[in-house]
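Q: Below are the sequence and a predicted model; questions follow.
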Amino acid sequence: MLLDPLNRNIVPQHKRMIIKRRYWLFYALTFMAGARRQIFVAFAVFLLVKKFHYSVQSVTILFVVNNLVNYFLNPLIGRAINYFGERKILSLEYSALFVIFFMYAHTDSKIIVGLMYILDHIFFNFAIAIRTYFQKIADPKDIASSMAVGFTINHIAAVFIPAIGGVLWMVNYKIPFWAGMGMSLISLILTQAIRLPAAGRSR
């Protein structure tokens, strides 16, 4: 309580939201991550309950398992990003998500779909590599304002994905997950455009 919380060595930040063309890849990856998040949050749990008849207790157990696993795994994810670089980590995430969404759409196994849900939650945390990538390419004074822009872009998908996905679910429950597969492919392609400055170059 006696310490001064201010860090006077931090570069002064812009006080308004700024959008720059050279950050387009960060914006695109952030939007796709937000869209993918809505499929995970809205439709993965709905699939567990609606098709596989998971009880409240079963879903709660999955939540607890996810949090325990990620408590220990997240520091390792951070180290992996430092060692392998953002491009490889995000490529692994989106490749894995393609398989996970495919399994959501086509598996008839209650055990497999539960395992996919846990893996989905694990790979969800790989998205931190989008932010570490941005921190390496951004002008230091742009970071706070651009993170605010990214936060806004991430939540744009929350406005329409659940509604559209809900309508498509009533046609065929597989469609939202097929869409997730398409988003994963688009994100994987975008990820290949990641290029870092020499000091923080992705391996």
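A: Alright, I've got the coordinates.
Q: residues contacting residue 65?
A: Residue 65 sits next to residue 118 when contact means CB atoms under 8 Å, 6 or more residues apart in numbering. Every C-beta, even on glycine, is put in place using the N, C-alpha and C of the backbone.
Q: In the one helix or strand it maps to, which residues are buried?
A: Remark: residue 65 resides in helix 56-84, with elements defined by DSSP states H and E. Using 16 or more other CB atoms under 10 Å as the test for burial, helix 56-84 gives 62, 66, 77, 80-81.
Q: what would the residues you listed look like in CSV with pLDDT and distance to residue 176?
A: CSV is the format used below for the buried residues of helix 56-84 (pLDDT from 0 to 100; distance: CB to CB, whole Å):
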residue, pLDDT, distance to residue 176
62, 93, 19
66, 92, 20
77, 94, 26
80, 95, 29
81, 94, 29
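Q: Can I get these in a markdown table including distance to residue 105?
A: A markdown table is the format used below for the buried residues of helix 56-84 (distance: CB to CB, whole Å):
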| residue | distance to residue 105 |
| --- | --- |
| 62 | 19 |
| 66 | 21 |
| 77 | 26 |
| 80 | 28 |
| 81 | 29 |
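Q: And the next helix or strand past the helix or strand bottoming out on mean pLDDT in the chain?
A: Across the helices and strands of the chain, mean pLDDT, DSSP states H and E gives its lowest value to helix 143-171, namely a mean of 84. Later in the chain than helix 143-171, the nearest helix or strand by DSSP H and E is helix 175-191.
Q: Quick one: residues in contact with that next one.
A: When contacts are defined by CB under 8 Å, 6+ apart, helix 175-191 is touched by residues 25, 28-29, 32-33, 35-36, 39, 43, 47, 87, 90-91, 94-95, 97-98, 101-102, 104-105, 165, 168-169.
Q: again with stretch 122-140
A: Identification of contacts with stretch 122-140 by CB under 8 Å, 6+ apart yields 11, 22-23, 26, 29-30, 33, 37, 40, 66, 69-70, 73-74, 77-78, 81, 86, 89-90, 92-93, 96-97, 100, 143, 146-147, 150, 194, 196-197, 200.
Q: Which ChimeraX command selects the buried ones in those?
A: Buried residues among those (16+ other CB under 10 Å), as a ChimeraX selection:
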select :23,26,29,30,33,37,40,66,77,81,86,89,90,92,93,96,97,100,143,146,147,150,194,196
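Q: can you give me phi and psi for residue 117?
A: Main-chain dihedrals, residue 117, degrees, to the nearest 10: phi -60, psi -40.
Q: Residue 62 is in contact with that one, correct?
A: Yes: the criterion here is CB atoms under 8 Å, and residue 117 meets it with residue 62 at 5.8 Å.
Q: taking the contacts of helix 175-191 one by one, which sit in helices?
A: Counted as lying in helices by DSSP state H, out of those, are 25, 28-29, 32-33, 35-36, 47, 87, 90-91, 94-95, 97-98, 101-102, 104-105, 165, 168-169.
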